[in-house]
Structure formats: C-alpha cells, structure tokens
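# Sequence isn't available, so here's the structure alone:
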C-alpha cells in the first residue's frame, strides 16, 4: 500500500517531536493539539507508553484542510526487553525524555 500512497503524499513534513526530543516549542492550535494528544496517550496508557517522532503532512480530511500523522514511534515501560513496541523503543529513557521535555498547554 505504501508504494501506492507515497507518490500522492505531500512532500511537506511538519515535525512535532523526535525520537527522544519532545520540546513543545510551537504554540499554534494544530501543534498544541498534537502535544495534547501525546499527553493523553501517556495518561490513557496508565503511564506505560508515549508516542514519539510525531510528524505529519498536509492533506484533505473530509474535504477540509487537515494533517495526516505518519511513521510514529512509541516508548514503553517494557522497552529494551522482550515486551518492547519495536525498533526505536527506548523504554524508560524515551519516557523520561518525554516527561523532561513536555510542557502542558491550553489544549
């Protein structure tokens, strides 16, 4: 499927976080919503997982301007052992980087 979608996807990519850097630098509504989503995942997972490397590309969603997030990574409390979520799961190191860098916003 990727090879069908990739040529149609915008080449413009907006980064909101990186593998182990989660600075909440942007203050626009879209960015604030993505940061709030990352915070929600942390709480909803009972503080066992965070999303990292959040990035998106502009797209029409329901005939309106939108953003499609792609290629996310996760850090889990089981990272770096058998229960990790995959390549790039930095475990507690990744989670602690989120807790260090994240700042709550208005959303």
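Arrived safely. Quick caveat, the model's predicted, so the values are computed rather than measured.
# Residue 51 and residue 41 touch, don't they?
Yes - between residue 51 and residue 41 there is a contact under C-beta atoms under 8 Å: 5.3 Å. Glycine gets a C-beta too; all of them are placed from N, C-alpha and C.
# wait, doesn't residue 104 sit right on residue 42?
No - between residue 104 and residue 42 there is no contact under C-beta under 8 Å: 11.1 Å.
# Skipping adjacent residues, who's closest to the spatially most central residue of the chain in space?
In the chain, the C-alpha nearest the mean C-alpha coordinate belongs to residue 54, at 2.9 Å (C-alpha atoms, centre = their mean). Leaving aside its sequence neighbours, residue 54 sits nearest to residue 16 (C-beta to C-beta, 6 or more residues apart in numbering; 4.3 Å).
# what sits against that neighbour?
Neighbouring residues of residue 16 by C-beta atoms under 8 Å, 6 or more residues apart in numbering: 26, 31, 34-35, 38, 54-56.
# Show me which helix or strand of this protein is least confident by mean pLDDT.
Counting by mean pLDDT, DSSP states H and E, the chain has its least confident helix or strand at helix 2-5, which shows a mean of 58.
# I'd like the next helix or strand past that helix.
strand 14-15 (DSSP states H and E).
# Tell me which of residue 51 and residue 41 has more neighbours.
residue 51 (22 against 16; other C-beta atoms under 10 Å).
# Am I right that that one falls within a strand?
Yes - under DSSP: H, G, I helix; E, B strand; the rest coil, residue 51 sits within a strand.
# And the pLDDT for it?
Residue 51 is assigned a predicted lDDT (pLDDT) of 92.
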